[in-house]
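Visitor: please work out how this folds:
(one chain, ligands or ions: 1)
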Amino acid sequence: MTSSPVDGGLNPHGGPTFPWGHTLLTNSLLNKGTAFTERERDALGLRGLLPPRVFTLKEQLGRAYGNFLRKSDPLEKYIFLTTLQNRNETLFYKLVQEHAEEMIPIIYTPTVGQACLEYGAIFRRPRGIFISIRERGRIAEIFRHWPHPDVRMIVVTDGERILGLGDLGALGMGIPVGKLSLYTACAGLHPYYCLPITLDVGTDNTKLHEDPLYIGLYQKRVRGPEYDAFLQEFVEAVQQAYPKALLQWEDFGNTNAFRLLRQYRDKICSFNDDIQGTASVALAGILAGLRLVGGRLRDQKLLFLGAGEAGTGIADLFVAAVQQEGLSEAEARQHCWFVDSQGLVVRNRPGRLADHKAPYAHVHPPLATLAEAVETLRPTALIGVSGQARAFTREIVSRMSSFNQRPIIFALSNPTSKAECTAEDAYLWTEGRAIVASGSPFPPVTLGGRTFVPGQGNNVYIFPGVGLGALVCESTQITDGMFLTAAKALAALVSDEDLVLGRVYPALSKIREVSVKIATAVADEAYHAGLARRPYPADLEADIRSRMFVPAYRDYV
Ligand code: NAD
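Guide: Next up is the predicted model:
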């Protein structure tokens, strides 16, 4: 990343085109608001456009946090933060960084789910790029409209499977916007490099066709060859306009997600966070949990509820990790079982099984329900990735604790309303013996005088670090090996104190440190795999740290 914002030079807008006067106040990357100094006010045409008193960033931060606290409703907090982000990104990121545990659930899950549902109603100003299927043939032209030429990180969705909420069409833009905010807040990727994109190919959510505030196309989803040609044009235009960009596929429906990843992962540096990022964070939780359970991965038997992107992604990475413990791929797959909407996934099930499920369709008589599968298979871990609220019933969870001293219960479905069980229930129904992780945050639980802090298996522990690591070394690819490396690095950061509290992830307040360690491990992996385009620095971790965006004001004159 030479001659770029992270190299410590003046911002990329420096030089003769530096915005002046009122325009500067509307540039969120450069705006300092009331913190412009007396000299800057004179030199940059700001005199009179601001109240006379000059504030420090710290003072502005106090005011912004006070205003944040005044909002009682999470969606109101989301709107407040979005507005701040659009006005002054330095202040926004400083605020998010200082209060990470409080703010991340607002700018991302669970609140972002509500924000997406209401994106049309709360819409104020656009962020990122919207490309509709009607603009086929014009994608390169659209990229020329984006003000920053050196984009390095793109998060793109077509809105078909937003969190566990289903098809939200163009309303899904909240997700790429939120994820990129996390890249900056959690891994120090300069916001200048980040580009959120929504591909609007229509929506099959017919309620949206009747919503007068819907911001996307009123039409059914385009599928088949026309969709594929649109995606191909998109990828080629990205390669042309932003040759160093990493492309993150986000919240595509699973019929497209697996296909797109397979088709493009070797052609453009890209990954799918729902599949690979989720896998890595879940595996990290299991690895950390093993320090309480005892034994190795190969001693575990995982039963998944939900056989989609998240579930089979986790299983694939688990299989890769178990292979490193000496089992063959076929043997390792026998440790992962799936229940989907039609019951246990088995070899002789009638009808065609989706490609991603086929490797886990074991020879076994059919079983209709999760309860039956638990009873018959006696798994050590139950992983919920089905979007089915409260599917882990008292009966099922208690049964898990009857044949496991420390059952692993991960209810990963988002948002909170879709979780397969609450953390409180999981602890209550297992007399506090369960090792718990959830997709959305749950508050601490006190039981029998002990307080448990449930771990949040949030992808934010993984993807910002993986992205940063790949970008700093300019890796040409993101491999599964990098996600395995990231999972191990994350598990190693879980302290004994975390485990005493029942937490299989580090505190979110440590997220920047976590991202640095993961980025270092991932970049090192890229160097060893021969994928890096930059020379290995003298001190990789120090090099990464020096490239991270720090939200602080610089003097412009
Ligand atoms: P997906 O659409 O690819 O898969 C959903 C799966 O659930 C499908 O296999 C479907 O058959 C199954 N399913 C649906 N109804 C079911 C039922 N009644 N019983 C059993 N299975 C049923 O979605 P995905 O990307 O795999 O995501 C699934 C859930 O996992 C979502 O709620 C998502 O928010 C959550 N998730 C959490 C994390 C995290 O915590 N870090 C990350 C990614 C996804």
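Visitor: okay, CA-based contacts and neighbour counts for the rest of this
Guide: Fine.
Visitor: residues of the stretch 301-450 of the chain that sit close to the ligand?
Guide: Listed as neighbours of the ligand in the stretch 301-450 of the chain under the rule CA under 6 Å from any ligand atom: 305-311, 339-341, 385-388, 412-414, 439.
Visitor: confidence score at the residue in the stretch 1-150 of the chain that the ligand sits nearest to?
Guide: Residue of the stretch 1-150 of the chain nearest the ligand, by CA to the nearest ligand atom: T109 (8.9 Å). On pLDDT, T109 comes in at 88.
Visitor: which stretches of the stretch 51-200 of the chain form helices?
Guide: Ranges of helices within the stretch 51-200 of the chain are 57-70, 74-87, 89-98, 100-107, 111-117, 139-145, 174-187, based on DSSP state H, counting those that start in this stretch.
Visitor: got the buried residues for the second one?
Guide: Same thing as helix 74-87. Under the neighbour-count criterion of 16 or more other CA atoms under 10 Å, helix 74-87 has P74, L75, E76, K77, Y78, I79, L81, T82, L84, Q85, N86, R87 buried.
Visitor: next, the angle from that helix to helix 174-187.
Guide: Helix 74-87 and helix 174-187 are oriented at 70 degrees to each other (axes from the mean of the first three to the mean of the last three CA atoms, to 10 degrees).
Visitor: not counting helix 74-87 itself, show me its contacts.
Guide: Residues from elsewhere that reach helix 74-87, judged by CA atoms under 8 Å, 6 or more residues apart in numbering: 25-28, 31, 68, 71, 91-93, 106-107, 111-112, 114-115, 122.
Visitor: go on, the first one?
Guide: For helix 57-70, the surrounding residues in contact (CA under 8 Å, 6+ apart) are A35, K77, F80, L81, L91, K94, L95, A552, Y553.
Visitor: next: stretch 403-415.
Guide: Under the contact criterion CA under 8 Å, 6+ apart, stretch 403-415 has outside partners 109-110, 113, 163-165, 286, 289, 292-293, 378, 380-389, 397, 400-401, 419-422, 426, 433-440, 457.
Visitor: can you map out the strands along the stretch 451-557 of the chain?
Guide: Counting by DSSP state E, counting those that start in this stretch, residue ranges of the strands within the stretch 451-557 of the chain are 455-456.
Visitor: what's the spacing between the closest residue to R296 other than its chain neighbours and P454?
Guide: Excluding its sequence neighbours, the residue lying closest to R296 (CA to CA, 6 or more residues apart in numbering) is L290, at 6.9 Å. L290 sits 16 Å away from P454, going by CA to CA, to the nearest Å.
Visitor: again, but for V345
Guide: Distance from V345 to P454, counting by CA to CA: 30 Å.
Visitor: returning to what we had before: keep only those of the contacts of stretch 403-415 that are in strands.
Guide: Residues from the contacts of stretch 403-415 lying in strands, with DSSP state E as the criterion: A381, L382, I383, G384, I435, V436, A437, S438.
Visitor: quick check, nearest of those residues to G178?
Guide: S438 (19.4 Å; CA to CA).
Visitor: contacts only, for that closest one.
Guide: Contacts of S438 (CA under 8 Å, 6+ apart): F410, A411, L412, S413, A419, T422, A423, P454, G455, Q456, G457, N458.
Visitor: filter the residues you listed down to the buried ones.
Guide: For those, a neighbour count by 16+ other CA under 10 Å gives the buried set as F410, A411, L412, S413, A419, T422, A423, P454, G455, Q456, G457, N458.
Visitor: redo those residues as a markdown table? Include pLDDT.
Guide: Shown next, in a markdown table, are the buried ones among the contacts of S438 (pLDDT from 0 to 100):
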| residue | pLDDT |
| --- | --- |
| F410 | 98 |
| A411 | 98 |
| L412 | 97 |
| S413 | 94 |
| A419 | 95 |
| T422 | 97 |
| A423 | 97 |
| P454 | 94 |
| G455 | 93 |
| Q456 | 94 |
| G457 | 95 |
| N458 | 92 |
